[in-house]
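K.L.:
Sequence and predicted structure are below.
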Amino acid sequence: MNAPIFEVLAQSPDVMKYLGPTILRFYDFANKPEKATYPYGTFQNYAGSPQMFLGTLPDVDMFSLQVDVFAKTAAEARNIALAIRDAIEPHSYITRWGDHVQDDETKSYRYSFDVDWMVLR
């Protein structure tokens, strides 16, 4: 049971322009390669629940995800975040715009945001 974020992003030409072109460099946080090729994105599910009904089974699951984009320049990180936003907003809701920071050690840039996704069973 997961939000279909990877499948949606893989269908977006704009996202694939940045994170492709053949294999999508967008990883479940726990499965990111140790030395991932820049730019790339990660996601992690930090909350979720089924819709609760009396007398019947839930027909919808909700997932809350954190999405992070990593790039060598701030402009590239921002452009990728915008491409991801445009690809997923027809299917989900962005609930938080997070950090836009440069990592002291790697000097890469990170753009972070949260997404709520409701998935029909």
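P.N.:
Received the coordinates, thanks.
K.L.:
Give me the next element, helix or strand, following the strand or helix carrying R78.
P.N.:
Secondary-structure assignment from DSSP states H and E places R78 in helix 74-88. For helix 74-88, the following helix or strand on the C-terminal side (DSSP H and E) is strand 93-102.
K.L.:
Restricting to C-alpha, output whatever helix or strand comes next after that following strand in CSV.
P.N.:
Downstream of strand 93-102, the first helix or strand assigned by DSSP H and E is strand 109-120. Below are the C-alpha coordinates for strand 109-120, written out as CSV (Å, rounded to 0.1, in the frame of the first residue of the first chain):
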residue,chain,number,x,y,z
TYR,A,109,20.8,22.0,-2.9
ARG,A,110,17.7,20.5,-1.4
TYR,A,111,14.1,21.6,-2.0
SER,A,112,11.5,19.9,0.3
PHE,A,113,7.7,19.7,0.4
ASP,A,114,4.9,17.5,1.8
VAL,A,115,2.1,15.8,-0.1
ASP,A,116,-1.2,14.2,0.9
TRP,A,117,-2.4,11.5,-1.5
MET,A,118,-5.7,9.8,-1.3
VAL,A,119,-5.7,6.4,-3.1
LEU,A,120,-8.9,4.5,-4.0
